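Peer 1: I would like the atomic coordinates for the input below:
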Amino acid sequence: MTDIYNCHAGMKFMLKKIAILSLILASLSLYAEGKYEGKLEETVVTATGFNDNIDNQIKNVTIITSEDIQEKGYNTVEDILKQAPGVNITQTGFGSAVDMRGQGRFGLGTSANISKAVSSVKILIDGDIAMDTIDTSHAYIPLNTISVNDVERVEIINGGGTVLYGSGTRGGVVNIITKDRTKEGASGKVYYQNSSYGTNKLGFDAGINYGNKFIIDLGYENVNGKGYRRGSKEAYEYLNGSLKYNITDNHSLKFKAARYNSEETLASDLTKSQLLSDRRQSGTLSDIDVDRKEYSLGYEGKVTDNLKLSLTGYKQDTNKTMYGMPKTKFEDNKKGINFKGNYGLENGNIIFGYNYINHKGSREQTIFGTPIMNVDLAKETNSFYLLGRHKIVGNLEGTAGYRYERAEYKTNREVPSTRMPIPGGRGFVTIPSREMHGSRKDSNSAYELGLNYKYSDTGNVYAKYERGFRSPAATEFVDYAPGARNYTLNNLKTEKFNTYELGFKDMLWNSFVSATAFHTRTNNEIYLNMDHGVLGGPSTARWTFHNLKATERTGVELFAEQYLGKLRVNESFTYVNAKIKKVGDDVLTSTTYNFKDGQKIPGVPSTKVTLGLDYEIADGLRTTANLNYYSSSVDTYNEKIPSYSTTDLGLKYKHQSGFGLNAGVKNVFNKKYNVAQGKDPLTGKTVYSPADERTYYIGASYEF
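Peer 2: The predicted model follows:
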C-alpha cells in the first residue's frame, strides 16, 4: 500500500514540475525572437484531402515534419507517434495499434489483446491507402513497414474523419506522407545504426530529379537483431521505389511500389512471479513471418483555375504466418480506386470524391500439415462524399459534409472433424466438423457540420459536430456460441457515434498554442466474448459478438510549443474519461465476468503528458530530451494497470559536408513497466508483457 502511495505521490510531484517548467518557458517566450508566426501557415493534407493551411481546419491537427523527425532522432514510425499529443501505442499479441481518444480494448476471455483502435483509428499512406486488414481480430499490419527515412511528414487528426475517410475513424486519422524528391540532380542518403541487444540497421535512399520532369526514387532498409526478452529477435527488409512524371506544371503521374518482409520471434506473457524473478525470460517463443507488397498509380491535375482532380489506383497483398500449434496463415488482398476533386468558389470550395475497395482475406490453420480450419472473407465497398466550405460573413466560415457508404460482405468457414491431444497429457478431444457460408449487405451515412472564426491574423476558434459510423468487420458477423453445434450469423449492429468538439489555435507571443475539448457518445459499440476451451487455443474456441448500448469518451487536448532562440520546447496534456455508459440488453449469460454500467473502458490511461526539448548547442549539433507520462488504467477484467513514465535523450551532429552522427538513450531511468496485461486462458492468472528497460543506440549517416 505504501508503494502505491509513494508512486502516486511521485507522479504528482513530476507533473507539478512539468507545470512549473511550462510556466517558466511561457514567460521566457515573451522575450524570444518572433520568427515562428508561420506555424499556422503550415499546410495540411489530411483534413480535406488537398493542401490547405492549418488555420483553416475545423479539427485538432498535429503536424510532425521531416525536420522534426531528423532533429529528434526518431528511429521508427512508432517512435514518432509515441511522442505525439494524445496518441497511445498499445501492444497486442498480433502487433502494435495506434490509440487516440480512448478507444481501448474490448473483449472478454483471452481477448484482452484485441484493441478497438485497430478498427477505430485509420492509418493512411499518402492520404489514399489505408494500412488495414479485413481480419481486424488477428492480422494487424506492423506500423514500421515504412522506414522513417521515407517519411516527409506525419499528420494526425484527433477524432473524426468519417465523411472523407469512411468507416473506422472515431478515434482519428494518421496520415503518413512519403517524400517527394525536389532537389534537382542526384541526391540521397546512406545510414547505419547499432542499438542494444546487437541490433543493426542499415539503409539508403537515392534518386535523380531530371529538371523537375522525371523523378526516380529508390530506398532500402535492413534491420536485424535480438529483442529485450531472451530468445526474441527481429529481422526485416523494406524496399521502395517510385517514378514521377510531371507532364506539365499542372499535371503529373506517379507510380509507387514497396515491399516489406520480416521474421520475428516473440516471447509469451509472464505471470507475476515470473516477472518478479526475471522479467527478461522468454516464456514460450513463437515465430511470425510477414510479407507485404504494395503498388499504386496516381494522377494529380489542375484542370482549370478552380478545379483540381486526383485519381489513385492501388493494390496491396499481405501474407502473415504464425508458427506453432496450430500453424496459422493469413492472406490479405486489397485493391481500390480513390477519386477526389476540389472545386474553388468565390467564397469557399467544394470537395467531392468516390472510393471503391475490394478487400479479401483468408485464414488457414494446420497441425502437422493437416487442415483444421479454413476461413475466407470478402468485403466490397462503394462510397461517395461531399464536403463544402463557405465564408458566411467577415471572418466566419462554415463547413458541411455528407458521406454515403454501401458494403457487401461474404464469409465462408470450414472445419473438418479432428482428434487432438489435450495439453498436459490429459487425453484427447474430438473437434466436430462444421461449416458456414453467409453474406450480408450494409449501408451507412455520415454527416459533418462546423464553424470556424478567425478572430485575428494568427488565431481561430472552431466548433464541430460529426455523426459517424464503424461498420462491423467481416469476421464479426459470425458466432460460435458455447453449446452450439455450428456457426451462426448474428444480428450485430453498426456502431454509430456523435462527436461534439470545440477548439482554438493561436500564436501567443512566441508560443504556438492549441486547445480542444470533445465529447463522443457511441451507440452499439461492438465487443467480443471468447472461451478458448480445454486446449486454450483456437481449435476449441467459442465466441460471440455483442453490442453495448452506449459508451462515452469526454476529454481535453492541450498543446504548446515555445521558441526561445536555439531552444525549442513543446508540452502536451491529454485527458480522456472513457466509460461504458450503459451495457444494455445484449449481455452475456454464461461467463464469470460481465461489463457493468459506468465502468472504465479497458486499456485507456485517462492522462497522457509529454514534454520535449530540442537545443542547438552549436552549428549542426543538437541535443533532445523527451518525456512521456501515462496515468493508470484498467485491463479487460477491471484490474488496475499502474501508471508509468519514460524519458529519452538524444544527441545529433550534422556537418556541412553531409556527414552526420547520432546517439541516444531510451528509458534513461530504467523504468520497469508492462506494455500489456491480461489473463491466461487456461489458468485464469493475470499475465504481463514487460517493456524494454534502458536501451542505447549510435549511428552514422552521409547525405549527398
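Peer 1: Pairing-wise in the sheet, spell out the partners of the nearest residue to residue 162 once chain neighbours are set aside.
Peer 2: The shortest distance from residue 162 to any non-neighbouring residue, by C-beta to C-beta, 6 or more residues apart in numbering, is to residue 468 (3.3 Å). Where C-beta positions appear, they are placed from N, C-alpha and C, glycine not excepted. With DSSP bridges applied, residue 468 shows beta-bridge pairing to residue 497.
Peer 1: count of neighbours near residue 468?
Peer 2: 29 (other C-beta atoms under 10 Å).
Peer 1: Name all residues that make contact with it.
Peer 2: Neighbouring residues of residue 468 by C-beta atoms under 8 Å, 6 or more residues apart in numbering: 160, 161, 162, 163, 169, 170, 446, 496, 497, 499.
Peer 1: so the fourth one touches residue 387, yeah?
Peer 2: Yes - counting by C-beta atoms under 8 Å, residue 163 does reach residue 387; the two are 5.7 Å apart.
Peer 1: just the helices in the stretch 201-350 of the chain please.
Peer 2: Ranges of helices within the stretch 201-350 of the chain are 272-277, based on DSSP state H, counting those that start in this stretch.
Peer 1: All the strands of it, in order from the start?
Peer 2: Assignment of strands within the stretch 201-350 of the chain using DSSP state E, counting those that start in this stretch yields the ranges 214-226, 233-246, 251-267, 270-271, 285-302, 307-323, 327-345, 348-367.
Peer 1: which neighbours does the third one have in its sheet, and in what orientation?
Peer 2: Note on strand 251-267: by DSSP bridges, its sheet partners are strand 233-246 (antiparallel), strand 285-302 (antiparallel).
Peer 1: Enumerate the positions of the one helix or strand residue 626 maps to that are buried.
Peer 2: Element membership of residue 626 [criterion: DSSP states H and E] is strand 621-630. For strand 621-630, burial by neighbour count (16 or more other C-beta atoms under 10 Å) applies to 622, 623, 624, 625, 626, 627, 628, 629, 630.
Peer 1: What is the burial count for the nearest residue to residue 694 once chain neighbours are set aside?
Peer 2: Nearest-residue entry for residue 694: residue 670, 4.3 Å, with adjacent residues in sequence omitted and distances by C-beta to C-beta, 6+ apart. Look at residue 670: counted by other C-beta under 10 Å, it has 11 neighbours.
Peer 1: which neighbours do residue 163 and residue 387 share?
Peer 2: Among the neighbours of residue 163, those also in contact with residue 387 (C-beta under 8 Å, 6+ apart) are 401, 402, 448.
Peer 1: what would those look like in TSV with distance to residue 208 and pLDDT?
Peer 2: Listed next are the shared contacts of residue 163 and residue 387 as TSV, based on distance: C-beta to C-beta, whole Å; pLDDT from 0 to 100:
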residue	distance to residue 208	pLDDT
401	41	97
402	44	98
448	42	96
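Peer 1: Which one (most neighbours) among those residues?
Peer 2: For the shared contacts of residue 163 and residue 387, the largest number of neighbours (other C-beta under 10 Å) sits with residue 448, at 24 neighbours.
Peer 1: what sits against it?
Peer 2: Counting by C-beta under 8 Å, 6+ apart, residue 448 touches 160, 162, 163, 387, 399, 400, 401, 402, 464, 465, 466, 467.
Peer 1: buried set for the strand or helix carrying the fourth one?
Peer 2: Secondary-structure element containing residue 387, defined by DSSP H and E: strand 370-393. Buried residues in strand 370-393, counted by 16+ other C-beta under 10 Å: 372-379, 381, 383, 385, 387-389.
Peer 1: Show me which of those residues is closest to residue 479.
Peer 2: For those, the closest approach to residue 479 (C-beta to C-beta) belongs to residue 375, at 13.9 Å.
Peer 1: who's in contact with that closest one?
Peer 2: By C-beta under 8 Å, 6+ apart, residue 375 lies in contact with 135, 362, 363, 364, 411, 412, 413, 475.
Peer 1: for residue 454, same thing?
Peer 2: Residues in contact with residue 454 (C-beta under 8 Å, 6+ apart) are 55, 395, 397, 460.
Peer 1: And for residue 276?
Peer 2: Per C-beta under 8 Å, 6+ apart, neighbours of residue 276: none.
Peer 1: Residue 97 too?
Peer 2: Counting by C-beta under 8 Å, 6+ apart, residue 97 makes contact with 89, 90, 91, 115, 117, 118, 121, 140.
Peer 1: The fourth one pairs with what?
Peer 2: For residue 115, the beta-bridge partners are residue 105 (DSSP bridges).
Peer 1: ok, it touching residue 90?
Peer 2: Yes - using C-beta under 8 Å, residue 115 is in contact with residue 90, at 5.2 Å.
Peer 1: Wasn't residue 81 part of a helix?
Peer 2: Yes - secondary structure of residue 81 (DSSP: H, G, I helix; E, B strand; the rest coil): part of a helix.
Peer 1: pLDDT score assigned to it?
Peer 2: Residue 81 carries a pLDDT value of 91.
Peer 1: How many residues are close by the nearest residue to it once chain neighbours are set aside?
Peer 2: Of all residues not flanking residue 81 in the chain, residue 87 sits nearest, at 4.9 Å (C-beta to C-beta, 6+ apart). Using other C-beta under 10 Å, residue 87 has 25 other residues around it.
Peer 1: returning to that earlier point: could you dump the strands paired with strand 251-267 into a markdown table and include mean pLDDT?
Peer 2: As requested, the strands paired with strand 251-267 are arranged in a markdown table below (pLDDT from 0 to 100):
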| stretch | mean pLDDT |
| --- | --- |
| strand 233-246 | 95 |
| strand 285-302 | 94 |
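Peer 1: With mean neighbour count as extra columns, can I get the ones you listed in JSON lines?
Peer 2: Compiled in JSON lines, these are given as follows (neighbours: other C-beta atoms under 10 Å):
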{"stretch": "strand 233-246", "mean neighbour count": "18"}
{"stretch": "strand 285-302", "mean neighbour count": "17"}
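Peer 1: Go ahead and confirm residue 101 touches residue 576.
Peer 2: Yes - using C-beta under 8 Å, residue 101 makes contact with residue 576 at a distance of 6.0 Å.
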